[in-house]
Structure formats: C-alpha cells, structure tokens
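S.K.: need a structure here:
(2 chains)
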Number of protein chains: 2
Amino acid sequence: MSVITLGVVGLAASRAFYDRLGWRAANAGTDEVDSIVAYDLNGFSLALYPLDHLTQDATVPLTKGAHPSVTLAYVVSSPDQVDQMLTRAERAGGALVKPAQKVSWGGYSGYFADPDGYLWEVAHNPFATLGADGSFKW
Amino acid sequence: MSVITLGVVGLAASRAFYDRLGWRAANAGTDEVDSIVAYDLNGFSLALYPLDHLTQDATVPLTKGAHPSVTLAYVVSSPDQVDQMLTRAERAGGALVKPAQKVSWGGYSGYFADPDGYLWEVAHNPFATLGADGSFKW
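M.R.: Modelled structure (predicted):
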C-alpha cells in the first residue's frame, strides 16, 4: 500500500491539527498543499483530501460519519508514551475518545479523534517490537 | 503509524478476498485469525476486524457507509500493471468502481471496492519511484 487518504471536511483545520502534532507535510511550501496535504510516514504516505474531491475522483458516493469505520493505530514503546501522546493530541485540538487503559490483549491503549472524527488508537503492546524507522510487524 | 484497521461486516468474506489477491495473513494458522486478520505490508500492518468489535473497542459508534470516506492506494510501476491489478481484483470478487483511465495529475488509475465497499485506487504515477520493498514517498 502506498497512500491512505482521509476524506476531510475541513482541510485547513485537519492539516493544522496534524502539524500541531509535530508532523510536517511532504508537500509543504508547494502550491499542491492547498488542495491535498501529504505526510510521509514509515513506508507510505497519509494524505488529507477534501471529501467532495475524493468522491469526485472515486466516482461513487463516499459516506463519512462522525467516526468513520477505519481506525489508525500508533504503537509506542511504553505506557508513559501512550499517556503523553494522548495529552499531546488533546492539546493539539483532538478529542479524547477513550482514556488510556489496560486492554484485554495485554496492552495499554486509548483513542483520540482528529478534527474530522477519524479515530487513532495509541497503544503500547508489550509483545510487539518497533523497527528503528518506526516500522511495525504483526 | 503501525496498523490500519478496516471495520468489516463479513470477516470471512473479506479475508477470502484479500487471500485471493495473493496476500497472506501474518497470523494465518493461529486461533487469533478467526477474530482479527492481520496482513504485514510495507512498514505497517493492515487488519480486518468485525465492525461491532471495533466499535466496542473504540467505545463510540462507528459509521460504515457503502463506501467509507477513506481510500487506500496501491501504486504500481506501469499502466499495464494497473490494468492487471484491477482485473485480478475483479476476478477475486471485488467490484470495479472506476475503470482505469488517464487522470488529471498525469497518471493512470482506476478504483476497485473490496467486499465491504472499501475503495482501493490502483495507480501508475510516472513521477513517483517505489522502493525495492514497495515503500512509497510523496
């Protein structure tokens, strides 16, 4: 997979949020960033694109609920980092959806929502190892 | 980002589709695969998880329309590979949503939907280079 694109209602607000999280758009400073915002992550890009344009491109109606049925997960190296990341997301304007807690599979995790309602799980998984570049394997 | 999870209505049907595309679940052969199916991709995992369980985990209602507002893109190395991949997806039981065509940004792309309606764009981008491991940068 090369790109995951989140259809957003407010491109500027959504970008401002991810920028406040400390991300830097790969196409920052270009004209393109006014129509699509792309972040290079570990091995692929995450793009923010207005929902109406994404619908036009896909040629079929896309449904965006308050919380879409896709979740993104961010695995970190310790429970402390889960707490820190959730606090950072809240300060950046995200909504805390599920406070960090011990979960059934043995980890520690919580959820926040970005300005468009997309859900991110922030998790510490004691059974997983992250690569030096942030890469993850199941 | 470590994991993208697609909330699915029919886990078995969805897994069968991706298996027919030639993917192999990282947790194939374990008990776990009956409740969550995880594929290791370039630098992260893509998981299929029943929508009701995902909702329970997130603790907020998730909306899944016929076509969710997130799209996944698969960048390939030539226009021929776009055609081949779309044909393969159709044969595997996917729906051709947008036939491959030249697009405004200079590439060649089309869309298919998986059994749950998740949209995949298959694209050749003459301006992009893929890493040997399939990694992509904007």
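S.K.: Enumerate the helices of chain A by residue range, in sequence order.
M.R.: For chain A, the helices defined by DSSP state H cover A:11-20, A:51-58, A:79-91.
S.K.: and the longest one, how far out from the chain's middle?
M.R.: If I follow you right, that is helix A:79-91. 14 Å (C-alpha atoms, centre = their mean, to the nearest Å).
S.K.: Same check on the first one?
M.R.: With C-alpha atoms, centre = their mean as the basis, helix A:11-20 stands 11 Å off its chain's centre.
S.K.: dump the residue contacts of A:Ala95.
M.R.: A:Ala95 makes contact with A:Phe112, A:Ala113, according to C-beta atoms under 8 Å, 6 or more residues apart in numbering or on different chains. No exception for glycine: its C-beta is placed from N, CA and C like everyone else's.
S.K.: What residues are bridge-paired with it?
M.R.: A:Ala95 has these beta-bridge partners by DSSP bridges: A:Ala113.
S.K.: quick revisit: as TSV, the helices of chain A with distance to B:Leu41 would be great.
M.R.: Below are the helices of chain A laid out as TSV (distance: least, C-beta to C-beta, whole Å):
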stretch	distance to B:Leu41
helix A:11-20	21
helix A:51-58	21
helix A:79-91	23
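S.K.: Chain B is nearest to which of these?
M.R.: Closest to chain B of the helices of chain A is helix A:51-58 (C-beta to the nearest C-beta; 5.4 Å).
S.K.: wait, does the closest one make contact with chain B?
M.R.: Yes: judged by C-beta under 8 Å from any C-beta of the partner chain, helix A:51-58 and chain B are in contact via A:Leu51, A:Leu54, A:Asp57, A:Ala58.
S.K.: now, which of these sits nearest B:Gly107?
M.R.: A:Asp57 (11.5 Å; C-beta to C-beta).
S.K.: Give me the neighbour count for that closest one.
M.R.: 20 (other C-beta atoms under 10 Å in any protein chain shown).
S.K.: Please name the residues that touch it.
M.R.: Counted by C-beta under 8 Å, 6+ apart, A:Asp57 has contacts B:Val103, B:Glu121.
S.K.: Model confidence for it, exactly?
M.R.: Note on A:Asp57: pLDDT of 95.
S.K.: circling back: what about the residues of helix A:51-58 next to chain B, which one has the most neighbours?
M.R.: Counting by other C-beta under 10 Å, top hit in the residues of helix A:51-58 next to chain B: A:Leu54 with 23 neighbours.
S.K.: count of residues packed around the residue lying closest to that residue once chain neighbours are set aside?
M.R.: Take A:Leu54 and drop its neighbours on the chain: the residue closest to it by C-beta to C-beta, 6 or more residues apart in numbering or on different chains is A:Gly7, 4.2 Å away. By other C-beta under 10 Å, the residues close to A:Gly7 number 25.
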